[in-house]
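1. Give me coordinates for this.
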Amino acid sequence: MRSNVAFPAALAVLLCCGPHIVLGACNFAKTTINTSPGFDIVVSDNYKVLNDTTANIAYGLYCDSQPENINGVTRWFKVPVASVGTRIPVASGFLEALGQRAKLVAAEFPANLTNICIDKSKVKTLEGNDTSISVVFSNSASSDGPKSVRLPSDDSLAPLQKAEWIKFVAAFLNLEEQASTLFDSISAAYTCHAGNMRYLKRAPHAYWVEYTESPTTYQIITSAYQKNLLASAGATNASTNGLADNTNVAAFQAAVKDADFVFDQTLLKKFGQRITEWYSDFGYKDPQNQDVSFLTQRNIWRTDKYTSTSGVSNYPEFAYVRPDLVLQDLISVLEPTYNKAHALRWLFRLGGTTEDTTVIGASNYDCAKPWMSVVDKCTARKDFYGGDVDEDASSATSPGSISDNKDDGSTDGNDRGGSNSGRAGKIAGGVIGGIAIIALAVVATHYYNRHRRRVRTRALSESAFGSESIGLRNTRH
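-> Below you'll find the predicted structure:
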């Protein structure tokens, strides 16, 4: 009888004070995440440590009682956090993609939030000493004291690197597995579309540019984000002339003269007249009469097509979270035959007759079924215009290639005085000559395409990790 009483008592002590209660207390997903450059997440039984390896800051996350004496951790957050504040738009986009928009209760500029699914009447202006907010995401780890958590907001990271920070934000919500699944789908789609662009016969040449007023500069943007997007979309972007002096407008014009497309991120203010403002900023006084392709074809594009009712661009809030959709926009501009059904979301043609922008609303964003968390599958392909015949020799004729000529037996006036054998000889000679030309064209196309593919593959591999040493070769002839 004594043993029967002692056993439950011992069991009670074990459940109360033993290690099992600690092991099961938080129920954290035992996943280890490591990105480079970026962050890593190490999960223990009753806490998680998030290391921002760029800023060299460690954040501790716990579910019940804050652990003590954890080496390197000086900031602790109880998770899942109850409320979120943000000083950067992308944090709102991450919350939206994770289905956690209701957690956002404060922002530096609430009026500039473009997500129509957020009740802005419940989002207050962020104050630095607000102790009611669980965590504040910012581009600085010190903006709001111990509640501050840094998120990268510049373009030094490649698109997928930037988007992967959704896992970092998700750790504060205990949603790492959900974030990893979503990001894996985004990454797979982005990589697939980029892989399809290897088969373009002619790589378009494009630059990302920006004008600043004070001080006056003319920039060809070479940050990892823009470089990787252009390379992934199949474009080259190495300037033949270079830009040694970014304060000289003539030097800028010479550097971008070989562009087929220009993508601009200048802060333009004259809505409805921004193309005129752009020409003035970059010193083009008679753009349509200059021998510059992107000017004569009006191929000047911007990323602020999708805006709030007050004209605030949605790009920094949603687009950084979904680089696969941004890439599809870019591809549709550079290679319209790739997916004719794709409707541009963020890109619009500044050089068009109208500024064709779209205001976010119920007709293009369903809060009940948000496209921010839905990734369409990409299929590997090479059947679009410019498909590479090098991989399929059985397809001798493709769009844009030499097609077989049919002899209908008709003769012209030049054959009337000759004999039948003479005409036959001419026909035979013509056929042989035609075959020779076709053969030469096929061989030339084979080596040309193989060269283009190697250049583009190298550019993609070099830009995959945001290296500033990318040297995309200009292969235009």
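2. State the distance from Pro37 to Ala141.
-> To Ala141, Pro37 is 16 Å away according to CB to CB, to the nearest Å. C-beta coordinates here come from the backbone N, C-alpha and C atoms, glycine included.
3. Tell me which of those two has more neighbours.
-> Ala141 (17 against 12; other CB atoms under 10 Å).
4. Report the contact partners of the residue lying closest to Lys167 once chain neighbours are set aside.
-> Counting by CB to CB, 6 or more residues apart in numbering, Lys167 lies nearest to Ala179, which is 4.6 Å off, once chain neighbours are set aside. When contacts are counted by CB atoms under 8 Å, 6 or more residues apart in numbering, Ala179 touches 98, 166-167, 169-170.
5. Could I get the buried residue list for stretch 269-281?
-> 274-275, 277-279, 281 (16 or more other CB atoms under 10 Å).
6. about what we covered before: the helix or strand containing the residue nearest to Lys167: which residues count as buried?
-> Using DSSP states H and E, Ala179 falls within helix 176-196. For helix 176-196, burial by neighbour count (16+ other CB under 10 Å) applies to 176, 178-180, 182-183, 185-187, 189-196.
7. So which residue is dead centre in the chain?
-> In the chain, the residue lying closest to the centroid (CA atoms, centre = their mean) is Pro323, at 2.8 Å.
8. Looking at the residue nearest to Ala189 when sequence neighbours are not counted now. What's its pLDDT?
-> Excluding the flanking residues, the one nearest Ala189 by CB to CB, 6+ apart is Asp324, at 4.0 Å. Asp324 is assigned a pLDDT of 98 by the prediction.
9. cool, Asp45 as well?
-> 86.
10. Tell me how many other residues crowd the residue lying closest to Ile221 once chain neighbours are set aside.
-> Counting by CB to CB, 6+ apart, Ile221 lies nearest to Trp208, which is 4.2 Å off, once chain neighbours are set aside. Per other CB under 10 Å, the neighbour tally for Trp208 reads 23.
11. which residues are contacting the helix or strand harbouring Trp208?
-> Assigned by DSSP H and E, Trp208 falls within strand 206-212. The contact list for strand 206-212 (CB under 8 Å, 6+ apart) reads 217-221, 226, 230, 235-237, 239, 252, 256, 259-267, 278, 281-282, 334.
12. from those residues, which ones fall inside helices?
-> 226, 230, 252, 278, 281, 334 (DSSP state H).
13. Low-confidence stretches in the chain?
-> In the predicted model, the chain carries pLDDT under 70 at residues 1-25, 353, 384-477.
14. Does the residue nearest to the centre of the chain touch Tyr190 like I think?
-> Yes - when contacts are counted by CB atoms under 8 Å, Pro323 is listed as touching Tyr190 (5.5 Å).
15. between these two, what contacts are shared?
-> Counting by CB under 8 Å, 6+ apart, the residues touching both Pro323 and Tyr190 are 159-160.
16. The contacts of Ala179: which two are farthest apart?
-> Largest separation among the contacts of Ala179 by CB to CB: Leu98 and Lys167, giving 10.1 Å.
17. re the thing from before, any idea how far Phe172 is from the residue nearest to Lys167?
-> 11 Å.
18. for Ala224, same thing?
-> Distance from Ala224 to Phe172, by CB to CB: 26 Å.
19. For the stretch 251-400 of the chain, just list every one of the strands.
-> Ranges of strands in the stretch 251-400 of the chain, per DSSP state E, counting those that start in this stretch, are 261-264, 300-302, 306-307, 348-349, 358-359.
20. Looking at the ones you listed, which is nearest to Ala107?
-> Here strand 306-307 is closest among those (CB to CB), at 17.2 Å.
21. Can you tell me which helices and strands that closest one packs against?
-> strand 358-359 (3 or more CB pairs under 8 Å, 6 or more residues apart in numbering; DSSP states H and E).
22. which of the contacts of Ala179 lies closest to Thr303?
-> Nearest member of those to Thr303, counting by CB to CB, is Ile166, at 19.9 Å.
23. My read is that that closest one contacts Val321, right?
-> Yes - at 6.5 Å, Ile166 counts as touching Val321 under the criterion of CB under 8 Å.
24. Tell me which of those two has more neighbours.
-> Comparing Ile166 with Val321 by other CB under 10 Å, the one with more neighbours is Val321, at 29 against 25.
25. Next one: that one relative to Ser308, how far apart?
-> 17 Å.
26. What of Tyr199?
-> For Tyr199, the distance to Ser308 - CB to CB - is 38 Å.
27. Could you check which of the two is surrounded by more residues?
-> For Tyr199 and Ser308, the more surrounded residue by other CB under 10 Å is Tyr199, and the numbers stand at 22 against 18.
28. Gln161 and Thr54 touch, don't they?
-> No - applying CB under 8 Å as the test, Gln161 and Thr54 come out as separate, 10.6 Å apart.
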